[in-house]
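Asks: Below is the structure, and that's it, no one-letter string:
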């Protein structure tokens, strides 16, 4: 056995307290109303975004809009970077719902999601293994699908699209 001490390590398992953590912040907590306000703001900003690729100034403006409208928010303040991260998460959710809707054998309901009642359903298990972001939609819908559909760029891109 080695006689090396871990006293100088920042990865010590000894109970000497928290080491090197100085700026931990609680996560932002989004309500459905805040998400809707955020997406409605992005719809208004869409004409200036090019191909739906929102830039940081747009997320910063969305942050100001949210902070003015919702004075008593839960969790951390919704900064521009928090808004950008939320946009990324909402895009993943949207893409997951599109995948479910396009997969033969699944049904979709805005209220019930994929409507899979059996948690041990093998088809759902295989699908979510390939599409892990779809898991939350087993029995839950995606309230923002229609507005996200407006915000997502069309699939036809490029100079040779006729």
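Replies: The structure has been received and is ready for your questions. All values reported here derive from a predicted model rather than from experimental measurement.
Asks: among the helices and strands of the protein, which has the poorest mean pLDDT?
Replies: In the chain, no helix or strand scores lower on mean pLDDT, DSSP states H and E than helix 122-130, which sits at a mean of 87.
Asks: mind listing what's buried in that helix?
Replies: By neighbour count with 16 or more other C-beta atoms under 10 Å, helix 122-130 contains the buried residues 124, 127, 128. Quick note: C-beta positions are derived from backbone N, CA and C, even for glycine.
Asks: The last one contacts residue 136, correct?
Replies: No - distance between residue 128 and residue 136: 9.7 Å, which falls outside the contact criterion (C-beta atoms under 8 Å).
Asks: Give the rounded mean pLDDT of the longest helix belonging to the chain.
Replies: Counting residues, the longest helix found in the chain (DSSP state H) is helix 80-102. Here the mean pLDDT over helix 80-102 is 94, rounded to a whole number.
Asks: do stretch 59-69 as well
Replies: 95.
Asks: contacting residues around it?
Replies: Applying C-beta atoms under 8 Å, 6 or more residues apart in numbering, the contact partners of stretch 59-69 are 34, 37-38, 41-42, 45, 73, 77-84, 87.
Asks: try stretch 33-43
Replies: Contacts to stretch 33-43, defined as C-beta under 8 Å, 6+ apart, come from residues 30, 49, 54, 58, 61-62, 65-66, 69-70, 73, 78, 83, 86-87, 90, 143-144, 147-148, 150-151.
Asks: Same question for stretch 122-142.
Replies: Here stretch 122-142 has contacts from 92-97, 99-100, 103, 105-106, 109-119, 148, using C-beta under 8 Å, 6+ apart.
Asks: Helices of this structure, residue ranges please.
Replies: Counting by DSSP H, the chain has these helices, from start to end: 32-45, 56-69, 80-102, 122-130, 145-151.
Asks: can you tell which of those is closest to residue 25?
Replies: With C-beta to C-beta, the closest approach to residue 25 among the helices of the chain belongs to helix 80-102: 9.8 Å.
Asks: buried residues in the closest one?
Replies: Here helix 80-102 shows 80, 82-84, 86-87, 90, 93-94, 96-100 as buried, counting by 16+ other C-beta under 10 Å.
Asks: relative to helix 56-69, how tilted is it?
Replies: In terms of direction (axes from the mean of the first three to the mean of the last three C-alpha atoms, to 10 degrees), helix 80-102 departs from helix 56-69 by 100 degrees.
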